[in-house]
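Asker: What shape does this take:
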Amino acid sequence: MPKLRITGNEGIAYGAKDAGVGIVTGYPGLPSTSVIETLVKITSPDETYIQWSANEKVALEIAFGASIAGKRALVSQKMVGMNVCLDSLMVINLLGTGGGLVLAVGDVPGAISSGNEQDTRILGSFAEVPVLEPSSPKEGWEMTKTAFDISEKFSIPVVIRYIREYSQATEEVLLNPAIRKTQHTRVHGQKRKWSIVQAKLRVKAHKELHLKNSKIAEYFCNSPFNIIQGQGEVGIITSGFTYTKVREVLEKLQNSDHVSLFKLGTVYPLPERLVVDFLRKKQKIAIFEEVEPFLEDKIREIASRYNINVPIYGKRTGHMSSEGEFMKHQIWKTLSTLLSDKEEKLPIENEEEPPKKRMGFCPGCPYEIYFDVLKEVIQALNIPYPVIIGEPGCIVYLGLPPYKMLDVKVSLGSSIGVATGLALSRTKKEEIIAVVGDSAFFHSEVSSLINASHSGANILVFILYNHTTGITGCQPHAGTGYNARGEKVDVIKIEKLCKASKVDFVYLVKGKDRQKVKQILSEALKNQGLRVIIFDEPCPCLANKMIKIPR
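Answerer: Have a look, this model is predicted:
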């Protein structure tokens, strides 16, 4: 079989396919989106059921249902999606798994295309589930297959954490088409119950989880993903794609023969026996990682517990940045200083900078018309500018020229909740507008709308119904009329959900009719209470994907 050049995300997708994954769920978001998009291309509907779920919590719960039925399941999401599904993960970790259950989570050091740069390793360890981190597309392929095996061997969910640079990296890989199927049978007829009702049994399950992780830590001591290279007296510990960058710098460094490089592929629970042995043989240790000092803190704790007094350099000592991506020139500066007590000139040129984001709405975007008309109506009515609450997605471009109208942005699904709190707390008369994308509405704004209705909130809600999850590459949702494989499905009507939530003022505006938009906006701004306007016009990017929108 010829070699195939694949990206990091494709490595995870091919690994899941080769592992015999039966169900794949997730919610789109860079850098994770192409994992599911690749699986759509390389699997058949008979082979694997694939779904863009309403949100990450729903995605995990569907995957868990598949797991207890004996199927292997993959959940794909970006790191902030872990926040959404954590509620269920914190119980599933106690209940265990049947078929392998793997969560592939993409992190964004540097906060490029993301509202923050949170570190999934911390949430994985908080949930007390194994966390693996691939350093290359080939290792991602192998690690994903192994993750399903670990999940089934220890009856526990497994997280594969990777960073943006890994997702985009490419490598030629000789893919083995052999599929490793799960041996689990269906749950029907088994005595095991997937619930823990009594408190004392939940405490017992928590203790069992701790014992399970102790066994996994020892199991990881024999993992092929943990590699030590070199015999130098200076020890460098790193993991994932950060290892790839450190290794490339070391190859150009004159004093690299003094270095021993320890690559961790299993970052939680740490293979403690390997770590202790490594620390005892070194004169000093440097730890490179993105973003938080996760490994550093845990390795310092291990060194203290075993009375190992080796100096450890990292983020806590100020030798490495605690924010953003590690660029090669930063790695070079730190390594050259640690190895020779002086900074050497960097021979690496033309280091790639993070790609610049598109700054503004796409040509032909209907959002521009809606907000141009909003400004006209505000001036015509001679009223103060409203406070506008937005959320991640194309709405963020409202904060840029020529609009500069975005006052608050928190997280996906937060607009209506924040607007409600503001409305219930303010005495000023200016309007409060919550701007919601259609994908975000189905993600988590439905419950916020119900709460706003129940609270009697005096807010105006714009639902921008562009028939897709636009900013992440036009993935479907419950209101699009098609699924992940492009098959036609029923459309969930947003206006019916709004009316069922006891919202009296609900208007659906189709197309780009400026006069109609002006008329509805004028009426809405003259009224009080909870009002919803649904602006229904497909995203122009859908035309490039040749997707027909049900009307």
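Asker: contacts, neighbours, all on C-alpha from now
Answerer: Noted.
Asker: Bridged to the residue positioned nearest the centre of the chain, which residues?
Answerer: Taking CA atoms, centre = their mean, the centroid of the chain lies closest to Lys78, which sits 0.9 Å from it. Lys78 has these beta-bridge partners by DSSP bridges: Gly106.
Asker: dump the residue contacts of it.
Answerer: 28-32, 105-107 (CA atoms under 8 Å, 6 or more residues apart in numbering).
Asker: how does it look with 10 Å?
Answerer: Contacts for Lys78 (CA atoms under 10 Å, 6 or more residues apart in numbering) come out as 26-33, 56, 104-108, 114, 120, 161-164.
Asker: Which members of those residues occur in strands, if any?
Answerer: Members of these lying in strands (criterion: DSSP state E): 26, 104-107, 161-163.
Asker: Which members of the residues you listed are classed as buried?
Answerer: The neighbour count (16 or more other CA atoms under 10 Å) marks 26, 104-107, 161-163 as buried among the ones in strands among the contacts of Lys78.
Asker: okay, those residues in CSV with pLDDT next?
Answerer: Shown next, in CSV, are those (pLDDT from 0 to 100):
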residue, pLDDT
Gly26, 96
Ala104, 98
Val105, 98
Gly106, 97
Asp107, 96
Arg161, 98
Tyr162, 97
Ile163, 96
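Asker: out of those, who's nearest Asn309?
Answerer: Nearest to Asn309 out of these is Arg161 (CA to CA; 30.6 Å).
Asker: Quickly note the distance from the closest one to Ala286.
Answerer: From Arg161 across to Ala286, the span is 22 Å (CA to CA, to the nearest Å).
Asker: One more: Thr7?
Answerer: Distance of Thr7 to Ala286, computed by CA to CA: 29 Å.
Asker: what do you get for Val446?
Answerer: Going from Val446 to Ala286 by CA to CA gives 48 Å.
Asker: Looking at the two, which one has more neighbours?
Answerer: Using other CA atoms under 10 Å, the more surrounded residue of Val446 and Ala286 is Ala286, with 21 against 18.
Asker: hey, what's the more buried one bridged with?
Answerer: Under DSSP bridges, the beta-bridge partners of Ala286 are Ile236, Tyr313.
Asker: Can you name the element that comes right after the least confident helix or strand in the chain by mean pLDDT?
Answerer: When each helix and strand of the chain is scored by mean pLDDT, DSSP states H and E, helix 328-340 comes last, with a mean of 83. The helix or strand immediately downstream of helix 328-340 is helix 366-381, counting by DSSP states H and E.
Asker: Only alpha carbons, please: show that next one as CSV.
Answerer: The C-alpha coordinates for helix 366-381 follow below in CSV (Å, rounded to 0.1, in the frame of the first residue of the first chain):
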residue,chain,number,x,y,z
PRO,A,366,-26.6,39.4,5.0
TYR,A,367,-25.4,40.3,8.4
GLU,A,368,-24.0,43.6,7.0
ILE,A,369,-27.5,44.6,5.8
TYR,A,370,-29.2,43.8,9.1
PHE,A,371,-26.7,45.9,11.2
ASP,A,372,-26.5,48.7,8.6
VAL,A,373,-30.3,49.0,8.9
LEU,A,374,-30.2,48.8,12.7
LYS,A,375,-27.9,51.9,12.7
GLU,A,376,-30.4,53.7,10.4
VAL,A,377,-33.4,52.9,12.6
ILE,A,378,-31.6,53.9,15.8
GLN,A,379,-30.8,57.3,14.2
ALA,A,380,-34.4,57.7,12.8
LEU,A,381,-35.9,56.9,16.2
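Asker: Going by neighbour count, which residues of that helix are buried?
Answerer: Here helix 366-381 shows 366-368, 370, 373-374, 377-378 as buried, counting by 16+ other CA under 10 Å.
Asker: Thanks a lot, catch you later.
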